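1. Model the following, please.
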Amino acid sequence: SDTTGGGPTQNVEIIKLADFNNKDVDITFWHSMSGTLEDALVEITNEFMELNPNINIKLQNQGNYGDLQQKLTLTMLSPDQLPTLTQAYPNWMENALYDGLVVDLTPYVTDQEMGIEGYNDDFVEGFKEAAIIGGNIYSVPFSKSTEVLWYNKTLLDELGLTPPTTFEQLAKTAKTITDETGIVGCGFDSLSNFYTAYLYSKGKELNPELDVTGPESTEAINYYLTGVKDGYFRIAGTDIYHSGPFGNGLVAMYVGSNAGESFVIQGVGDKFEIGVAPYPSVASMQQGTDIFMFANSTPEQRTAAYEYLKFLTNTENQIEWGIATGYIPARHSALTTDAYINSGSLVAPIAEDATQTLYILSPNLATDQAYRESAVVLETILAEPDEADVNKSLVGYEGTLLSIWE
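-> Residues are numbered from 1 along each chain as shown. I've put the predicted structure just below:
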């Protein structure tokens, strides 16, 4: 978990549900789920309210993630107007944590009576650790995902190839595909994810101590650049994602989110058999949002909201959530059930393996900015590979990072 300290510790008064005496409690939950995702959230929420008729959960859709982040940032200036709960990426909450606007859930999670069953050993470690800041539990995993390798199984079978499990194997397999068929071997949807994952595979992390002009960083850039120059790697470019080119047979494999499964299936149709495998390296990046609770809530609202969070993340509902949305369940007990594995999802049978080792970035805005800037550097280099000056580009990136880390 990150070593960044949390905000001021609040005095915690835990009230048990049994002590509510049927008192009605209203909970407001801001989220960015839409379509079938919102339908699934509404269904689970309604089930909770049927079991707890004195608790009313008001789901309020705030638009897309950008809209929600902007609404949260503006409302934090008037904390009394904040909801009880919100969906959010941890780095969005950095200032709120320091200002003491977020409830530390540790006393609830560790309470002998009210604690979350299986929190220590059943939750996927990478998803759970993203919610722990400064040693305190500030959120619970919600809409979680990671990256996987999507591949044209029909083509790989014809060539006698198996899904690669390392960066070295990925480049070799991609080159073989291109040499044998003329089809581009592979691409990565997220250049920032590729860069940080490659660094992680070399024992380095994106932080102020990283020498971005050093050998690991240079090797990461040249790995992708060599592939682009030789024609066996490509970038998404104006396609934004590789699911389209993949479905049209323009690329044989690509690394992208497991949550893109519906787009992969839609793009491919019946043209070929789709394969999916865990990220081809020692670890993949945990992605997605958590749910946080704000400190402007009453003790009764906190208990009610916490019980709702427990309900959302129990095994049964994590199975339902995973099947309905394509997000990865946050519990091993959900990932390993026949109901989930045999749900028809291509990802479900490999989800347990795909989440065995996840890495996380430090949940602060500076790291997020550095992470996003890496994609700009890579895209600039890879868009014009024959004109690329890797050392010059990395020196420029180093200068940008100096201002970011200040």
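2. And the lowest mean pLDDT element among the helices and strands of the protein?
-> strand 132-133 (a mean of 86; mean pLDDT, DSSP states H and E).
3. Relative to residue 82, how far out is residue 311?
-> Distance of residue 311 to residue 82, computed by Cβ to Cβ, to the nearest Å: 22 Å. No exception for glycine: its C-beta is placed from N, CA and C like everyone else's.
4. Show the pLDDT at residue 18.
-> pLDDT recorded at residue 18 is 72.
5. looking at this, it is in a helix?
-> Yes. Counting by DSSP: H, G, I helix; E, B strand; the rest coil, residue 18 is part of a helix.
6. Between residue 311 and residue 82, which is the more surrounded one?
-> The residue with more neighbours, out of residue 311 and residue 82, is residue 82; 23 against 18, by other Cβ atoms under 10 Å.
7. If you drop the residues flanking it in sequence, what lies closest to that one?
-> residue 294 (4.4 Å; Cβ to Cβ, 6 or more residues apart in numbering).
8. Just want the phi and psi numbers for that neighbour.
-> As for residue 294, its main-chain torsions (degrees, to the nearest 10) stand at phi -90, psi 150.
9. what bridges to it?
-> On the basis of DSSP bridges, residue 294 is bridged to residue 102.
10. And for residue 136?
-> residue 133.
11. mind checking pLDDT for it?
-> 93.
12. Please spell out which residues along the helix or strand containing residue 375 are buried.
-> Assigned by DSSP states H and E, residue 375 belongs to helix 365-383. In terms of neighbour count (16 or more other Cβ atoms under 10 Å), helix 365-383 has its buried residues at 366-371, 373-375, 377-378, 381-382.
13. tell me which strands and helices that helix is in contact with?
-> Packing partners of helix 365-383 (3 or more Cβ pairs under 8 Å, 6 or more residues apart in numbering; DSSP states H and E): helix 191-201, helix 215-230, strand 233-235, helix 390-405.
14. ranking the ones you listed by burial, who's on top?
-> Ranked by mean neighbour count, those are led by strand 233-235 with a mean of 23 (mean count of other Cβ atoms under 10 Å).
15. Let me know the next secondary structure element after it.
-> helix 243-247.
16. pLDDT wise, what is the spatially closest residue to residue 244 that is not a sequence neighbour at?
-> Using Cβ to Cβ, 6+ apart and skipping residues adjacent in sequence, the residue nearest residue 244 is residue 267, 5.7 Å away. At residue 267, the pLDDT value in this model is 95.
17. what residues are up against residue 267?
-> 243-244, 246-248 (Cβ atoms under 8 Å, 6 or more residues apart in numbering).
18. Assign a three-state SS to residue 60, would you?
-> strand.
19. err, residue 120, not the other one
-> coil.
20. residue contacts, the residue lying closest to residue 303 once chain neighbours are set aside?
-> Distances taken as Cβ to Cβ, 6+ apart place residue 15 nearest to residue 303, at 5.0 Å, with adjacent residues excluded. Residues near residue 15 by Cβ under 8 Å, 6+ apart: 299-300, 302-303.
21. Same check on residue 72?
-> 30, 82, 86, 88, 92, 96.
22. just checking, the fifth one is part of a strand?
-> Spelled out, that is residue 92. No. Assessed by three-state DSSP, residue 92 does not belong to a strand; its assignment is helix.
23. what's the neighbour count on the closest residue to it other than its chain neighbours?
-> Computed as Cβ to Cβ, 6+ apart, the closest residue to residue 92 that is not its neighbour in sequence is residue 69, at 5.3 Å. By other Cβ under 10 Å, the residues close to residue 69 number 18.
24. Please report how far residue 211 lies from residue 285.
-> Using Cβ to Cβ, we find residue 211 at a distance of 21 Å from residue 285.
25. okay, the two: which has more neighbours?
-> Neighbours were counted for residue 211 and for residue 285 using other Cβ under 10 Å; residue 285 has more, 22 against 12.
26. Now do the same for the residue lying closest to residue 354 once chain neighbours are set aside: its pLDDT.
-> Nearest residue to residue 354 in three dimensions, chain neighbours excluded: residue 278, at 4.2 Å (Cβ to Cβ, 6+ apart). If you check residue 278, the pLDDT there is 97.
27. which residues touch the nearest residue to residue 105 once chain neighbours are set aside?
-> Nearest residue to residue 105 in three dimensions, chain neighbours excluded: residue 137, at 4.7 Å (Cβ to Cβ, 6+ apart). If you count contacts by Cβ under 8 Å, 6+ apart, residue 137 has them with 104-106, 109, 131.
28. Can you select the buried ones from those residues in PyMOL?
-> A single PyMOL command is used to select the members of the contacts of residue 137 judged buried by 16+ other Cβ under 10 Å:
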select buried, resi 104+105+106+109+131
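29. tell me which of the contacts of residue 137 is nearest to residue 341?
-> Taking Cβ to Cβ as the measure, residue 341 lies nearest residue 131 of the contacts of residue 137, at 25.4 Å.
30. could you measure that closest one against residue 297, distance?
-> 18 Å.
31. Please report how far residue 193 lies from residue 145.
-> For residue 193, the distance to residue 145 - Cβ to Cβ - is 11 Å.
32. Sorry, wrong one. I was asking about residue 406.
-> In terms of Cβ to Cβ, residue 406 sits 32 Å off from residue 145.
33. Compare neighbour counts for the two and give me the winner.
-> Using other Cβ under 10 Å as the criterion, residue 406 and residue 145 rank with residue 145 on top: 24 against 7.
34. List the contacts of that one.
-> 257-259, 287-288, 326-328.
35. where does it fall, phi/psi-wise?
-> Note on residue 145: backbone dihedrals following degrees, to the nearest 10 are phi -150, psi 180.
36. And the one 5 residues further on, by the same measure?
-> Taking degrees, to the nearest 10, you get phi -90, psi 140 for the backbone angles of residue 150.
37. isn't it right up against residue 246?
-> Yes. The pair residue 150 / residue 246 is scored as a contact, 6.2 Å apart, by Cβ atoms under 8 Å.
38. what ranges of this structure fall below the confidence cut-off?
-> 1-12, 21 (pLDDT under 70).
39. OK, contacts around residue 51?
-> By Cβ under 8 Å, 6+ apart, the neighbours of residue 51 are residue 311.
40. Could you shift the numbering so residue one becomes 387, and keep it that way?
-> Got it, first residue is 387 now, which makes that one residue 437.
41. The nearest residue to residue 551 once chain neighbours are set aside: how many residues sit nearby?
-> Nearest residue to residue 551, sequence neighbours excluded (Cβ to Cβ, 6+ apart): residue 666, at 5.5 Å. Residue 666 has 24 neighbours, counted by other Cβ under 10 Å.
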